[in-house]
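1. The following comprises the amino acid sequence and a computationally predicted model.
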Amino acid sequence: MLLGSVKSYNDATTAGFWPREWLWSNYRDAITVMNGSTPCQFDAANPFAILEQCLLLRYFVNTIFVGIAVVLGVLATSVLAGYAFARLNFPGRNALFAILLMTLMIPFELTLVPNFVFMTWFPTPESWLATTFGFSQEGIHNWINTYYALIVPFTASVFSIFLFRQFFRGIPNELFDAALLDGATHLQFLWSVVLPLSKPALVTSALLTFLGTWNALMWPLLVTNSPQMRPIQVGLTQFIGEAGTQVQLLVCRRNFLCGDSGLKFKLRLRSALPFRLSNRRRR
C-alpha cells in the first residue's frame, strides 16, 4: 500500500513493484483534491477554523469523537446489563436474554429504513426544550445530520452485553457473598470488585467497538448530508469520485483510512488475547 501511494500514474498502472520515482507529494495532492479550492491554514487567533477548511482533519476529528462517545456508551450500558443478567434474579431474566441474543440474527440492513425514520421523528434536545418552554428555535429539529444520529443508536451492543454477562458469571460467588456481608450494595460490588477484575473484557469490548465505529459506512452515509458531519469512511468514500482514475491518489486514500488488513487483524487479535488468556488462567 505504501509503495503504490508514492508511485506516479504510469508506475501505478503498470506491473512494476518498485516506483521509479518516489512521489510523496501524492498525499498533498490527495488532500488538495479532497478539500477542493479551500487551503488548509492554521490561524492562532481562531484555531478551530482549520476544521472548517481542512476536511480530512475534520473527518478524523468526527470519527474519533464519535468512536470515543460510542465506546463510553457501550461500556456503560453493557456493564450494567451484563451484571443484571449475571447476578440479579428477576422474572423473565433468561427469556429476555434469549430475546436479546435473537436480535443478533437480524441483518443490520433490515433495520436501516426504520431507524432512519426514527431519526427524522426524534427532536433534538435543543428543539425539544425550545418547544417545551416556548422559545423560538431555528435550525435543526431532528437527528438527521447530527452527532446524535451517529452516536445514540450504537450505545447499546448485544454482543458486549453477552461478553460481560459471560465474564461476570465466571467471577467466584464467594466474592459476592463477602461483599454482601460487608454491607456493600450491588453498585458498590460492581464498581469496587467486578470492574477491576474485568479489565480484559473492558479492553476487548472497547477495541472491537471502536474498530466497528471506525469502519462504519452505510449508516453514517445515510444520516449525514454535509461534509462537516461526515466521519472518515464516508468522507473518503466521496473522494473516490473526485479522484477519478488517479490510482495513486486512491491508494493514498486507503492509507488515510489505515486500511491495512494485517494491522486490523493484529488489533482484533490483541483485543481478544487478554480475554482469552484471563479465561484460561481462571480455569
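-> Yes, it's here.

2. And the helices in the stretch 51-200 of the chain?
-> Under the criterion DSSP state H, counting those that start in this stretch, the stretch 51-200 of the chain contains helices at 55-87, 93-102, 112-121, 125-133, 147-151, 158-169, 173-181, 186-189, 195-197, 199-215.

3. Give me the pLDDT for the closest residue to residue 67 other than its chain neighbours.
-> Distances taken as C-beta to C-beta, 6 or more residues apart in numbering put residue 213 closest to residue 67, at 4.3 Å, once the chain neighbours are dropped. To be clear about C-beta, it is placed using only N, CA and C from the backbone, and glycine gets the same treatment. Note on residue 213: pLDDT of 93.

4. Is residue 213 in contact with residue 70, as I believe?
-> Yes. With contact defined as C-beta atoms under 8 Å, residue 213 reaches residue 70; the gap is 4.9 Å.

5. and for those two, which residues touch both?
-> The contact sets of residue 213 and residue 70 overlap at residue 154 (C-beta atoms under 8 Å, 6 or more residues apart in numbering).

6. separation between residue 231 and residue 203?
-> Per C-beta to C-beta, to the nearest Å, residue 231 is found 23 Å from residue 203.

7. Same question for residue 83.
-> Taking C-beta to C-beta as the measure, residue 83 falls 18 Å from residue 203.

8. which of the two has more neighbours?
-> Each of residue 83 and residue 203 had its neighbours counted (other C-beta atoms under 10 Å), and the higher figure belongs to residue 83 (22 against 16).

9. Just the local confidence number for the more buried one, please.
-> Looking at residue 83, its pLDDT is 95.

10. Any idea how many residues pack against the residue nearest to residue 153 when sequence neighbours are not counted?
-> Distances taken as C-beta to C-beta, 6+ apart place residue 115 nearest to residue 153, at 6.0 Å, with adjacent residues excluded. Summarising burial for residue 115: neighbours were counted as other C-beta under 10 Å, giving 14.
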